[in-house]
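A.B. asks: missing the sequence, but the structure's below:
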């Protein structure tokens with residue numbers, strides 16, 4: 001087990017700012033360590049891939065202590081580990097024609113993945129990008145149907161631009177198919193890999209779709225429009241139409257098919273929620289679609305030959321099916337059960353029989369059969385009377401305290417999804433609220449745009465409204481509420497510390513942002529195509545007009561206001577929110593003698609590639625919350 005570095009300014013219960021030790025702090029029925037025996041199935045990507053003969057399935061699992069690829073026979077039998085990486089695995093897929101498995105993996109979470117080839121036994125993994133200069137990255141896209149080639153993206157030419165390449169398996173050589181430029185990035189390809197859809201990111205609310213033909217240098221604009229409209233390409237149909245989602249007709253994204261020659265589109269589905277995914281199987285027998293209904297994935301599959309809906313098994317436990325890929329033989333669709341009542345679990349949906357084949361058991365024996373908290377979907381009135389969508393998890397009996405968990409992003413969404421730490425906290429009689437503050441996706445484009453150039457403003461007021469809703473509706477003591485989150489959620493914990501210093505008892509920041517300007521100046525170079533989207537939220541560091549906003553919304557510059565205890569965790573290899581973002585605010589709080597605890601995770605990036613890193617972080621956060629919310633230590637962690 002690799003070590004983590006714990007740096008703290010106030011680690012004992014008797015330190016300044018802590019409540020008096022109390023025997024009222026409950027002991028969890030099941031130790032936190034047991035919750036981290038729950039298996040994880042991905043971090044940077046969630047995929048299921050099938051072998052060329054539909055007999056094997058591969059997925060990520062941390063059953064070996066960290067996230068690696070495992071292969072399992074679909075007809076029954078044990079899973080076997082086939083990779084042993086030293087960082088995060090990204091995209092991966094079996095060849096549709098032979099026993100070859102392609103995958104991308106980085107080292108220590110540096111987000112500079114290389115591309116590897118192996119097989120279903122994990123034989124002799126070969127890095128096909130081993131000769132890349134330091135600082136370059138690759139991203140696997142997809143195999144050609146004949147399995148002779150596959151597409152991938154690479155910054156080999158320019159570390160800021162992800163060009164499109166095709167790798168030939170027989171020759172071992174790559175051919176560049178498209179040179180990236182400006183705000184254009186690859187989005188989708190047809191089956192013959194002759195046509196490619198590109199996205200131009202104008203802002204987080206405005207995009208365009210371009211089409212480039214193989215061999216052409218200049219793409220063609222498919223979506224001329226006025227005002228802010230989002231276009232998201234998903235796939236190409238058998239007759240060459242482009243499947244895409246767009247919010248051009250209202251608040252939510254519908255699904256459309258475009259005749260790219262005529263640039264004419266027809267609506268295929270316009271539900272009262274967002275379309276989050278659409279794809280067709282390899283030979284276009286099936287088309288799948290997902291509607292994001294209040295944070296739950298509603299999957300449907302259509303048989304294109306008959307036009308009829310395929311009967312799918314109902315997702316158990318009020319959950320939904322989160323799709324990955326169709327199998328090469330078009331018999332199966334790989335999915336994950338996504339619900340808050342059980343961990344995300346890989347399945348293969350047999351489209352011929354309607355059976356859901358469970359691929360792995362995520363729960364340890366100690367948690368099987370144990371009742372889990374199910375989120376109550378609520379709307380919480382904020383400072384301006386706008387309703388904040390949220391999931392509320394209530395314990396048995398009156399809550400002793402509460403935690404408000406804010407998602408990352410900020411342009412993202414908290415879904416109805418299982419959280420080990422949420423379930424553990426609820427078992428100890430904490431209430432937990434998971435809000436979708438303004439700026440979140442999934443609740444209409446107007447809601448998503450409300451946080452533009454207002455981070456730390458309206459969204460933080462939404463969090464404060466969640467606190468007072470807990471006090472009024474869940475009998476939570478108003479001096480026993482904490483804000484917690486990772487990445488942007490970590491920023492919100494720091495913002496609560498700086499801009500709402502009297503509202504919360506303590507705050508927990510996991511690799512959060514303390515300084516907008518240096519964040520924007522140091523983001524990974526390969527994010528340049530989406531820079532305009534980031535600037536809408538965080539400000540442009542090259543624009544003098546944004547400098548005051550960046551200063552005024554960066555918690556680092558308001559340490560003088562901070563008095564509440566703070567816990568900070570940070571990966572030392574984080575390429576997105578660099579360690580300096582945490583170092584500086586921790587040092588400033590130490591100098592001010594504010595209780596602060598700092599956990600630095602060695603050889604970790606933006607998140608947890610190793611199970612022991614996640615457990616160590618949440619054990620420390622658990623002790624911190626007990627100390628400053630409930631006044632003592634629970635034990636049995």
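C.D. replies: Good, I have the coordinates. Quick caveat: nothing in here was measured; it's all calculated off a predicted structure. Numbers count the residues shown, from 1 in each chain.

A.B. asks: hey, let's count contacts and neighbours off CA atoms from now on
C.D. replies: Fine.

A.B. asks: My guess is residue 181 contacts residue 161. True?
C.D. replies: Yes: between residue 181 and residue 161 there is a contact under CA atoms under 8 Å: 6.7 Å.

A.B. asks: Kindly check the end-to-end length of stretch 562-571 for me.
C.D. replies: With CA to CA, to the nearest Å applied, stretch 562-571 spans 24 Å between its terminal residues.

A.B. asks: what comes into contact with it?
C.D. replies: Residues outside stretch 562-571 that contact it (CA atoms under 8 Å, 6 or more residues apart in numbering): 17, 497-498, 501, 504-511, 579, 582, 586, 589, 594-607, 617, 621, 624, 628.

A.B. asks: In strands, which of those residues fall?
C.D. replies: 506-510, 596-601 (DSSP state E).

A.B. asks: if we can go back for a sec, with neighbour numbers in mind, choose between residue 181 and residue 161.
C.D. replies: Higher neighbour count among residue 181 and residue 161: residue 161, with 23 against 14, using other CA atoms under 10 Å.

A.B. asks: residues in contact with that one?
C.D. replies: Here residue 161 is in contact with 154-155, 180-181, 525-526, 528-529 (CA under 8 Å, 6+ apart).

A.B. asks: can you check residue 292 too?
C.D. replies: Per CA under 8 Å, 6+ apart, neighbours of residue 292: 273-276, 298, 442.

A.B. asks: Residue 121 now?
C.D. replies: Here residue 121 is in contact with 71, 80, 82 (CA under 8 Å, 6+ apart).

A.B. asks: again, 10 Å this time
C.D. replies: By CA atoms under 10 Å, 6 or more residues apart in numbering, the contact list for residue 121 reads 70-71, 80-83, 99-101.

A.B. asks: Kindly report the same for residue 423.
C.D. replies: 32, 35, 340-342, 371-374, 393-395, 430-432 are the contacts of residue 423 under CA under 10 Å, 6+ apart.

A.B. asks: residue ranges for the strands of the stretch 251-400 of the chain, please.
C.D. replies: 254-259, 264-269, 274-280, 286-293, 296-303, 308-309, 320-326, 332-338, 345-350, 355-358, 376-381, 387-393 (DSSP state E, counting those that start in this stretch).

A.B. asks: Mind listing the strands the shortest one pairs with, and their directions?
C.D. replies: Looking back up the chat, that one is strand 308-309. In the sheet containing strand 308-309, its partner strands are strand 296-303 (antiparallel), by DSSP bridges.

A.B. asks: List the buried residues in stretch 564-584.
C.D. replies: Within stretch 564-584, the residues that qualify as buried are 564-582, counting by 16 or more other CA atoms under 10 Å.

A.B. asks: try stretch 238-252
C.D. replies: So stretch 238-252, judged by 16+ other CA under 10 Å, has buried residues 240-247, 251-252.

A.B. asks: Could you tell me the end-to-end distance of that stretch?
C.D. replies: End-to-end for stretch 238-252, by CA to CA: 27 Å.

A.B. asks: picking up where we left off before, could you tell me which of the buried residues of stretch 564-584 belong to helices?
C.D. replies: The members of these that map onto helices under DSSP state H are 579-582.

A.B. asks: how about the strands of the stretch 51-200 of the chain, start to end?
C.D. replies: 56-61, 68-73, 80-81, 89-94, 101-105, 114-118, 126-127, 138-143, 149-158, 161-168, 173-178, 184-189, 195-203.

A.B. asks: Now tabulate those in JSON lines and tack on mean pLDDT and distance to residue 362.
C.D. replies: Formatted as JSON lines, the strands of the stretch 51-200 of the chain follow (pLDDT from 0 to 100; distance: least, CA to CA, whole Å):
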{"stretch": "strand 56-61", "mean pLDDT": "98", "distance to residue 362": "9"}
{"stretch": "strand 68-73", "mean pLDDT": "98", "distance to residue 362": "14"}
{"stretch": "strand 80-81", "mean pLDDT": "98", "distance to residue 362": "15"}
{"stretch": "strand 89-94", "mean pLDDT": "97", "distance to residue 362": "19"}
{"stretch": "strand 101-105", "mean pLDDT": "97", "distance to residue 362": "23"}
{"stretch": "strand 114-118", "mean pLDDT": "98", "distance to residue 362": "26"}
{"stretch": "strand 126-127", "mean pLDDT": "98", "distance to residue 362": "30"}
{"stretch": "strand 138-143", "mean pLDDT": "98", "distance to residue 362": "27"}
{"stretch": "strand 149-158", "mean pLDDT": "97", "distance to residue 362": "31"}
{"stretch": "strand 161-168", "mean pLDDT": "97", "distance to residue 362": "35"}
{"stretch": "strand 173-178", "mean pLDDT": "97", "distance to residue 362": "39"}
{"stretch": "strand 184-189", "mean pLDDT": "97", "distance to residue 362": "32"}
{"stretch": "strand 195-203", "mean pLDDT": "95", "distance to residue 362": "36"}
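
A.B. asks: Kind regards, and thank you for your time.
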